[in-house]
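Peer 1: build the 3D model from these lines:
(chains A and B)
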Amino acid sequence: MTAADLAHRSAERTLPAPPQTPFTTQLFRLALAALTVTVLVFAWYEAEMNPAQLVRDAGNMATLGADFLRPDFSDWDVYVNAMLETLAIAIWGTVLAVIAGIPFGILSADNVVPRWVAFPIRRMMDACRAINELVFALIFIAAVGLGPFAGVLALFIHTTGVVAKLFSEAVEAIDPAPVEGIRGTGGTWLQEIIYGVLPQVMPLWISYALYRFESNVRSATVLGIVGGGGIGMTFNETMRGFLYSQASAILIMVVITVSLLDMISQNIRKRFI
Amino acid sequence: MAAALQLDRVSKTYGAMRAVEDVSLIIQPGERVALIGASGSGKSTLIRLAAGLILADPHGQGTGAVHSFGVKVQEGGRLASEVRAARRHIGLVFQQFALAGRMSVLTNVLVGALGRISVLRGTLGLFNEDERRTAYAALAEVGIAQHAAKRARELSGGQQQRVAIARALVQGAKLVLADEPIASLDPKSAKRVMDTLVTMSRDHGIALVVSLHQVDYATAYFDRVVAMNAGRVVFDGPASQINAAFLTELYGASAEELILPSQFVVGASVPAEIPVTQTVS
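Peer 2: Numbers count the residues shown, from 1 in each chain, chains lettered A, B, ... in the order given. Presented below is the predicted three-dimensional model:
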């Protein structure tokens, strides 16, 4: 069948003309494209983008790269200790956040508490989440001084906000029937939560908690750079002292540790889902 | 003795939909009543109102009061302060079982004791040996003691429903409200569950209200039938009066939903070969 045939046939059936994009839609698309370009150009200058600098300072990059390619593990025991400190920060930061996140998560779930309870608690958790760990670390360093404890507190507050939100979303997705089953036996509100809600959300909660632990190990390495203790602090010192070979050794250790923990926790999480 | 369940002019509207309209009902202790009606006729709403899981309209024609054994469940659209005491002797059985699937069968049954034991002990899950024995005995009574240690969700639908019945037994319920307990079960499991419910009611003198949309079960297992249509009670009387012709008169075209197609012959009585052969007086 030729194209002419097809055209002929459709003419026979008196098909309406194919729809055309209206002029206003075309205009709107054009304006959107112009806006996108404007934003990109503006952001380019605002961010002081200058690729030429990469080429001009290629020598510096080469020195840095050469040192990084020769990692120096002679102080490995120092790094291992610092890494353990980082892990300790992540562990306690997460544990405290989960402990606080359970009540806050339940109290911000619409289906188990009235709205006037959930609303203010959610806004409080929003605030915890909106502010970055690094900012909290700077605040707590002012309060409790330089060191890992400031890091723990920073992770604790930020992660509580995150965990409470994840936990409450799990609670809001439950099947209400088991809760009514407990209510029907004459159980209290807390008993409804324990026997009706918790068994349903536990696998998800464990999975979320482990996931937050993984990300907290990553965050904890960065916290050290602003003075929150751990491997980040050691890394910062080597960079400031131009000891790039040692900095490279530290980075390798961080990558290995984080990947290992990710793998382990992923394995555990799979078991709970 | 106060009625096992007493509803005084209870109404419930959802937006413009009148789910239950001005229903009054009295169930005597130990009585067994089938609540029939097509889907959307208000059976579930009525049962949930009776258990205080939802609140009646505050400005109905009457007070909208629900009492169970003299204890107030709700009145005027507000839960009574003594509602927990009322719920303690009301056992609930749901269409979807309402068990905690990850918890063991035994724990799901032990939950029935929550209303009786101290709040602290119940909250911490510290059930004593005596309560465990009672729960196990209840499981044996409904015929699934061998599954006590399994997770509830590993059981079949019919078995899960019997766990829910065991829970009501442990609760020491004097009134069991079952909302479509067999609607999601195969015929064999459905019969087993109905047998268990009726036996439980007879052996322990427990009043039983079961909502059903299969009329043949209602006539086979119950003496008294309450029929609902569009939120109103349209019939309340002996099960012997119920037959296909009567249902067609009551419900018109929607009667088809209540009876198996083969039985849907105007003027014919319910045939003898109903799925449940065992007759219960």
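Peer 1: from now on I want contacts and neighbour counts done on CA atoms only, so please keep to that.
Peer 2: Will do.
Peer 1: what parts of the stretch 101-250 of chain B come near chain A?
Peer 2: Within the stretch 101-250 of chain B, the positions adjacent to chain A are B:101-103, B:111-115, B:119, B:122-123, B:168, B:171 by CA under 8 Å from any CA of the partner chain.
Peer 1: tell me which of those residues fall in helices.
Peer 2: Among those, the subset assigned to helices under DSSP state H consists of B:119, B:122-123, B:168.
Peer 1: can you tell me the helix or strand for the residue positioned nearest the centre of chain A?
Peer 2: For chain A, A:S215 is the residue whose C-alpha lies nearest the centre (CA atoms, centre = their mean; 6.6 Å). Assigning secondary structure by DSSP states H and E places A:S215 in helix A:198-223.
Peer 1: hmm, that helix touching chain B?
Peer 2: Yes - in terms of CA under 8 Å from any CA, part of helix A:198-223 sits within range of chain B, namely A:199-200.
Peer 1: where in the chain is pLDDT low?
Peer 2: Assuming you mean chain A. Confidence mapping of chain A against pLDDT under 70 gives the ranges A:1-13, A:273.
Peer 1: nope, chain B
Peer 2: For chain B, the ranges with pLDDT under 70 are B:1, B:60-62, B:252-281.
Peer 1: and the residue nearest the centre of it?
Peer 2: The residue lying closest to the centre of chain B (CA atoms, centre = their mean) is B:A178, at 1.5 Å.
Peer 1: the helix or strand that residue falls within pairs with which strands, parallel or anti?
Peer 2: Using DSSP H and E, B:A178 sits within strand B:175-179. Applying DSSP bridges, strand B:175-179 is found paired with strand B:90-93 (parallel), strand B:207-212 (parallel).
Peer 1: what residue in chain A comes nearest to chain B?
Peer 2: Nearest residue of chain A to chain B (CA to the nearest CA) works out as A:P178 at 4.0 Å.
Peer 1: any idea what the residue nearest to the centre of chain B is bridged to?
Peer 2: Judged by DSSP bridges, the bridge partners of B:A178 are B:V93, B:V210.
Peer 1: quick check, nearest of the ones in helices among the residues of the stretch 101-250 of chain B next to chain A to A:A249?
Peer 2: Among these, B:T123 lies closest to A:A249 (CA to CA), at 51.5 Å.
Peer 1: list the contacts for that closest one?
Peer 2: Applying CA atoms under 8 Å, 6 or more residues apart in numbering or on different chains to B:T123 gives the contacts A:190-191, A:194.
Peer 1: cool, B:L106 as well?
Peer 2: B:132, B:135-136, B:139, B:148-149.
Peer 1: top of those by neighbour count?
Peer 2: B:A135 (28 neighbours; other CA atoms under 10 Å in any protein chain shown).
Peer 1: buried sites along whichever strand or helix holds B:V234?
Peer 2: Counting by DSSP H and E, the element that carries B:V234 is strand B:232-238. In terms of neighbour count (16 or more other CA atoms under 10 Å in any protein chain shown), strand B:232-238 has its buried residues at B:232-233, B:235-236.
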